[in-house]
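Chemist: Sequence isn't available, so here's the structure alone:
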């Protein structure tokens, strides 16, 4: 993909929302298995974005409302790119996929669906997920699928900011008061059962070859880098078993339905509504 | 903490708007009209100053303008699309298409010198370094846009928008936004 190329990752018609037709007209139509993969990545970003939006006006300080909102916006942007691209395979728009699928049709991992809990729990989830996403995207920029590579290239720079944000807070809380340290450690304990699932290979990834990134290959770098930040913050990797089950085949956390109820209610009650 | 030295990706060398302006006359006219559109959040900067404008071409009767988002979720993109369309409509182009490209990813390196100067005059300190040079572990001094002092400090790295950090000047004591290297 080059400057001013027809082969854009996503395409907008003036004054209208991005449509599948526009992307098809631009020639970027996702193959079926690439679309299923893009759907997984888009669903992760969408769920976490929805979760983080909750903190607006509730974070411990004004700057933090804004920081979490900006991170949520980045993730929403990533979700829009991935879902728009996935939709080209099935003639669906990003809105069709975000608002008119049911719980069992989403492919998000359980980590991003976990409750916000207290601030320590939210930051633990941010730390784990941004470190995972960094490892994922820095490899996905080499995908043989040019659209996936372009989205990863854009997202990677933003995920570095998310890592920085989470890392700063982990240090501040871990090295802060006894109470902040306790909460940060408990946040990690709450989120840790959902870590293994992020690195689980499946048949879809096997079939995709160079278009995708094998999750299991991310684990070693993730562990080293996460251990380093936890050491610096004088926190420890929780010794807790992974949660049973859970892959991206449709088994999902009980929180997913609650997230969707909140996210989808308006679009479903007033289909086609705009403002 | 994290190190970014393992970044696999060599960032493209800065390509300024001047180098991207098309050679043929019809396309260049479209470029010049699109380049008059300002960023809705920083109205002193044009989309060309910011490096958002990446291409323009005439396809028969249709004007095609290529832009890149600064950040994936940047809410200004839809306004910019509408403003570019309106500007070209006003110059007689009825059929306008705005394309969005993601790669190469936007960088503050594409901000023009003129844009940096206008940003400082507006009260926002421009980026202090080059993203293409890789991560800078040593923080560079940010100059206060009000009194030009280099004696400033960071209040919060996570400012009013993803692109800005909040600083404060230790001399004149005024807080100000700093446009981060990205």
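Modeler: Received the coordinates, thanks. Not measured: the values here are computed from a predicted model. Residues are numbered from 1 along each chain as shown, chains lettered A, B, ... in the order given.
Chemist: hey, where'd the helices end up in the stretch 151-275 of chain A?
Modeler: Assigned by DSSP state H, counting those that start in this stretch, the helices in the stretch 151-275 of chain A fall at A:178-191, A:203-208, A:219-232, A:255-269.
Chemist: Name the stretch among these that sits most buried.
Modeler: Ranked by mean neighbour count, the helices of the stretch 151-275 of chain A are led by helix A:178-191 with a mean of 18 (mean count of other C-beta atoms under 10 Å in any protein chain shown). Quick note: C-beta positions are derived from backbone N, CA and C, even for glycine.
Chemist: Counting by contacts, list what it packs against.
Modeler: Helix A:178-191 sits against helix A:119-140, helix A:146-174, with contacts defined as 3 or more C-beta pairs under 8 Å, 6 or more residues apart in numbering or on different chains; DSSP states H and E.
Chemist: which helix in chain B runs the most residues?
Modeler: helix B:76-90 (DSSP state H).
Chemist: Tell me the buried residues in that one?
Modeler: Across helix B:76-90, burial judged by 16 or more other C-beta atoms under 10 Å in any protein chain shown covers B:76, B:77, B:80, B:81, B:83, B:84, B:85, B:87, B:88.
Chemist: Where does pLDDT dip in chain A?
Modeler: A:1-27, A:246-247, A:249-250 (pLDDT under 70).
Chemist: show me what contacts the residue minimising distance to the centre of it?
Modeler: Nearest to the geometric centre of chain A sits residue A:45, at 2.7 Å (C-alpha atoms, centre = their mean). Taking C-beta atoms under 8 Å, 6 or more residues apart in numbering or on different chains, we find residue A:45 in contact with A:75, A:76, A:78, A:79, A:82.
Chemist: For the third one, what is the enclosing helix or strand?
Modeler: Secondary-structure assignment from DSSP states H and E places residue A:78 in helix A:62-87.
Chemist: could you check the angle helix A:146-174 makes with that helix?
Modeler: If you take axes from the mean of the first three to the mean of the last three C-alpha atoms, to 10 degrees, helix A:62-87 sits at 160 degrees to helix A:146-174.
Chemist: tell me which residues of helix A:62-87 are tucked away?
Modeler: A:63-87.
Chemist: just stretch B:38-58 next, same as before
Modeler: Buried residues in stretch B:38-58 (16+ other C-beta under 10 Å): B:38-39, B:41-42, B:45-58.
Chemist: Which ones among those lie within helices?
Modeler: Per DSSP H, those map to helices at B:47, B:48, B:49, B:50.
Chemist: Contacts only, for the first one.
Modeler: Okay, so that is residue B:47. Counting by C-beta under 8 Å, 6+ apart, residue B:47 touches B:34, B:35, B:37, B:38, B:39, B:53, B:67, B:80, B:84.
Chemist: residues touching the residue of the stretch 51-200 of chain A found nearest chain B, list them.
Modeler: At 2.6 Å from chain B, residue A:77 is the closest residue in the stretch 51-200 of chain A, using C-beta to the nearest C-beta. Neighbour list for residue A:77: A:158, B:69, B:71, B:72, B:73, B:74 [criterion: C-beta under 8 Å, 6+ apart].
Chemist: will you turn these into TSV that also has neighbour count, secondary structure and distance to residue A:140?
Modeler: Listed next are these as TSV, based on neighbours: other C-beta atoms under 10 Å in any protein chain shown; DSSP: H, G, I helix; E, B strand; the rest coil; distance: C-beta to C-beta, whole Å:
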residue	neighbour count	secondary structure	distance to residue A:140
A:158	25	helix	14
B:69	20	coil	18
B:71	22	coil	18
B:72	25	coil	14
B:73	22	coil	19
B:74	22	coil	21
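Chemist: And those, which is the shakiest by pLDDT?
Modeler: Least confident by pLDDT among the contacts of residue A:77: that is residue B:74, with 82.
Chemist: in the strand or helix carrying residue A:50, what counts as buried?
Modeler: Secondary structure from DSSP H and E places residue A:50 in helix A:32-53. Across helix A:32-53, burial judged by 16+ other C-beta under 10 Å covers A:33-53.
Chemist: which residue is nearest the centroid of chain B?
Modeler: Closest residue to the average C-alpha location of chain B: residue B:50 at 2.6 Å, with C-alpha atoms, centre = their mean.
Chemist: Pretty sure that one sits against residue B:111.
Modeler: Yes. Between residue B:50 and residue B:111 there is a contact under C-beta atoms under 8 Å: 5.9 Å.
Chemist: looking only at pLDDT, what's the mean for stretch B:103-116?
Modeler: Mean predicted confidence for stretch B:103-116 is 91.
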